[in-house]
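K.L.:
Provided below are the primary sequence and the corresponding predicted coordinates.
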Amino acid sequence: MYVNPIRNEEDYLAAISQVDSLWHAEKGSYEHSQLEVLVALIDFYEQNLWPARFPDPIEALKFYKNQLDISEKEFNEIFGSEKETLKILNKKKPLTLPMIWKLSRKLKIPADSLIRPYDLCLKSSTLNSPAILNNSRISNAN
């Protein structure tokens, strides 16, 4: 069996069909080697066709809060108060490195899901504050 490059949808579907026929190949066999090559090609094609989109840190935080059933009290302890928690969850205030560290250590939330840049929802009346401007610039960085 010849392994073709995957350049389009037709090639992709043909590769999927080949994988189906080789799925139970004996490990170490020639067919199993073909299977491994096809799977790698399909993975490369899919990753280029459908790149992973990661949620912004606040959306990730809300997801983990719901999935892990994290209480408001636990969040308030990490962020300092209910008011600060609301500012963070409403994107009025950015997550800081100490906050991310606490979330990661205490709640086992992966830090890499919280350190991505994200936009803050700033009111125009607060845009004159140098601290707000600096935080906004940092959080909007790529």
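P.N.:
Thanks, I have it.
K.L.:
helix/strand/coil for the residue nearest the centre of the chain?
P.N.:
For the chain, the residue nearest the mean C-alpha position is Phe54 (3.1 Å; CA atoms, centre = their mean). Under the three-state scheme (DSSP: H, G, I helix; E, B strand; the rest coil), Phe54 adopts coil.
K.L.:
Next up, the contacts around it.
P.N.:
Taking CB atoms under 8 Å, 6 or more residues apart in numbering as the criterion, Phe54 is in contact with 60, 113, 116. No exception for glycine: its C-beta is placed from N, CA and C like everyone else's.
K.L.:
buried subset of these?
P.N.:
Buried by 16 or more other CB atoms under 10 Å: 60, 113, out of the contacts of Phe54.
K.L.:
from the contacts of Phe54, which ones fall inside helices?
P.N.:
Those of the contacts of Phe54 mapping onto helices are Ala60, per DSSP state H.
K.L.:
which one of the contacts of Phe54 sits closest to Lys87?
P.N.:
The shortest approach to Lys87 among the contacts of Phe54 belongs to Ala60, at 17.2 Å (CB to CB).
K.L.:
what about the residue nearest to the closest one when sequence neighbours are not counted, distance to Ala52?
P.N.:
Nearest residue to Ala60 in three dimensions, chain neighbours excluded: Ser113, at 4.3 Å (CB to CB, 6 or more residues apart in numbering). With distances taken as CB to CB, to the nearest Å, Ser113 is found 12 Å from Ala52.
K.L.:
Ok, Ile100 next?
P.N.:
21 Å.
K.L.:
okay, those two: which has more neighbours?
P.N.:
Ile100 (19 against 5; other CB atoms under 10 Å).
K.L.:
quick one: what helix or strand has that one in it?
P.N.:
helix 97-107 (DSSP states H and E).
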